[in-house]
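Enquirer: return atomic coordinates for the entry below.
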Amino acid sequence: MNSSLYPHFGVLLVDDEPAWLRSLSLTLERSAGISTISTCQDSRHVMELLETREIGLVLLDLNMPHLAGDELLGLIAERHPEIAVIIISGMNQIESAVNCIKLGAFDYFVKTVEEDRLISGVLRAIRMLELERQNREMSSRMLSGELKCPEAFSGIVTTDRAMHAIFSYIEAVAQSSEPLLIMGESGVGKELIAKAAHALSGCRGQLVAVNVAGLDDVVFADTLFGHMRGAFTGADQPRRGMIEEAADGTLFLDEIGDLSIPSQVKLLRLLQEGEYFPLGSDRPKRLKARVVVATHQDLAQKQAAGTFRRDLYYRLCTHMVHVPPLRERKGDLPPLLDHFLEDAARALGKKKPTPPRELLQMLATYNFPGNIRELKALVYNAVSVHRDRVLSMETFLKTINRPETKQNLEAIKGPEQNLYAGLERLPTFGEAAELLVEEAMSRANGNQTIAARLLGISQPALSKRLKLRGVISH
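Expert: Okay, the predicted model is just below:
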């Protein structure tokens, strides 16, 4: 795919007036960025063109010699129902418009209509066709369960079904011109998903990543749009913005949930109109990059609270994925641990250490608030101080056995969170302790050392309790 071509399918203009064809072609290219335009002056050749070219949208004049537009519309609807047709007539006749819609036209415009309305109608049809294609591709992938380009996800270590469903979805929407929203906690690998989407897009431009957290409105505008010389004090030279740097590629905006409301307005305008003004310029430039955004925040919650614009939220929701945290994909711990051990050993010039058998069981009991990034840091730290053949568990234990924070303890004690609130009969200390021991042993898969650490007691103390319960006997 050539990334400078938009849309991915052809747009055919049919009219017997060459001047009108030239004018409409220029308008669509200049104002809507449509570059896959072909034209036809003789309506008798249209059906042949549709057989030999990959056409997705036809803009059709109604009053033409040889083969009238409404007759041609009927033929297209019958033989190529997948092609959308927009009628452009020289006459404003309601009866004619209604008849064309009945015959299957997507929309109907009069030649004298405002340019903006016509462009909006064309872009609406393109978006509909793209969404239809993406739905077909997603259905196909979900049914087959196979990825066409698994190599695009080679940087993401996972065996999780939910992650593979995300991969299928990304494959289906990668070539869309609509923005892609990636949500998930810090450290889950949102940027890796963005890189995969870029690789699958076929764009020949680069992926340009910008972390927008903490940028005020002026810096945000300057970073994205660039500026002209003399735009503000100190602007001695013109500077290209990140949008221009990402031309024919992907613009990745990380931490989008931290944008101020004025910056959100600027982003919305960019996505809606497909153009922007560098600071100090009165000449617009076209957006030629696919926009991918990411956030660790709950945007639905933020827009409900009024801190994130509702119109921008819905504009970003066209294509959306939520990357699950590591605690919801514990099956990925073995391959991730092995991957990071190998990676760390290579980076630090050491032989890959052997992890103790208890390590994976212990890691499975931890919630990983920092997700995969935290696991990677733990492994690198452990390998950096590694001396013997078997990897020490000491660095992992320091993190995993960290005492509960005051906030967490308060949450447990709170009336809504207290496990015992509302119980008619409180359990005795002995009963509560027995339940805790049972849960700890379950989480530790029967490993007493790990269970004792989870409970904050010594292993002999746990062993004594287990003997009292009759779980083990000598």
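
Enquirer: first-to-last residue distance for stretch 59-79?
Expert: Stretch 59-79 has an end-to-end distance of 17 Å (criterion: CA to CA, to the nearest Å).

Enquirer: tell me the buried residues in that stretch?
Expert: 59, 60, 61, 62, 64, 67, 69, 70, 72, 73, 76 (16 or more other CB atoms under 10 Å). Every C-beta, even on glycine, is put in place using the N, C-alpha and C of the backbone.

Enquirer: isn't residue 396 up against residue 378?
Expert: Yes: Residue 396 lies in contact with residue 378 (CB atoms under 8 Å); the separation is 5.8 Å.

Enquirer: if we can go back for a sec, as a markdown table, the buried residues of stretch 59-79 with distance to residue 273, pLDDT and secondary structure would be great.
Expert: A markdown table is the format used below for the buried residues of stretch 59-79 (distance: CB to CB, whole Å; pLDDT from 0 to 100; DSSP: H, G, I helix; E, B strand; the rest coil):
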| residue | distance to residue 273 | pLDDT | secondary structure |
| --- | --- | --- | --- |
| 59 | 21 | 97 | strand |
| 60 | 26 | 95 | strand |
| 61 | 28 | 92 | strand |
| 62 | 29 | 89 | coil |
| 64 | 33 | 90 | coil |
| 67 | 37 | 91 | coil |
| 69 | 30 | 90 | helix |
| 70 | 33 | 89 | helix |
| 72 | 33 | 94 | helix |
| 73 | 30 | 94 | helix |
| 76 | 31 | 95 | helix |
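
Enquirer: list the beta-bridge partners for the residue nearest the centre of the chain.
Expert: Geometric centre of the chain, nearest residue: residue 182, 3.2 Å, by CA atoms, centre = their mean. Counting by DSSP bridges, residue 182 forms beta bridges with residue 294, residue 321.

Enquirer: what's the helix or strand for residue 137?
Expert: helix 115-144 (DSSP states H and E).

Enquirer: in terms of secondary structure, what does that helix contact?
Expert: helix 18-32, strand 55-61, strand 84-89, strand 107-110, helix 161-173 (3 or more CB pairs under 8 Å, 6 or more residues apart in numbering; DSSP states H and E).

Enquirer: where do the contact lists of residue 396 and residue 378 overlap?
Expert: Between them, residue 396 and residue 378 share no contacting residue under CB atoms under 8 Å, 6 or more residues apart in numbering.

Enquirer: in TSV: the helices and strands packed on helix 115-144, plus distance to residue 135.
Expert: Below are these laid out as TSV (distance: least, CB to CB, whole Å):
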stretch	distance to residue 135
helix 18-32	23
strand 55-61	15
strand 84-89	15
strand 107-110	21
helix 161-173	8
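
Enquirer: to residue 287, which of those lies closest?
Expert: Comparison of the helices and strands packed on helix 115-144 against residue 287 by CB to CB identifies helix 18-32 as nearest, at 11.3 Å.

Enquirer: quick check: phi and psi at the residue lying closest to residue 285 once chain neighbours are set aside.
Expert: Excluding the flanking residues, the one nearest residue 285 by CB to CB, 6 or more residues apart in numbering is residue 276, at 6.0 Å. When read as degrees, to the nearest 10, the backbone of residue 276 gives phi -150, psi 160.

Enquirer: my guess is residue 276 meets residue 225, correct?
Expert: Yes: Residue 276 lies in contact with residue 225 (CB under 8 Å); the separation is 5.0 Å.

Enquirer: quickly list what's touching both of those two.
Expert: 241, 243.

Enquirer: quick check: domain ranges of this protein?
Expert: Split into domains by automatic domain parsing, the chain comes to 10-135, 150-324, 325-402, 409-474.

Enquirer: now the second one, how far from the centre of its chain.
Expert: Taking CA atoms, centre = their mean, to the nearest Å, one finds the center of domain 150-324 at 9 Å from the center of the full chain.

Enquirer: count of neighbours near residue 350?
Expert: Residue 350 has 13 neighbours, counted by other CB atoms under 10 Å.
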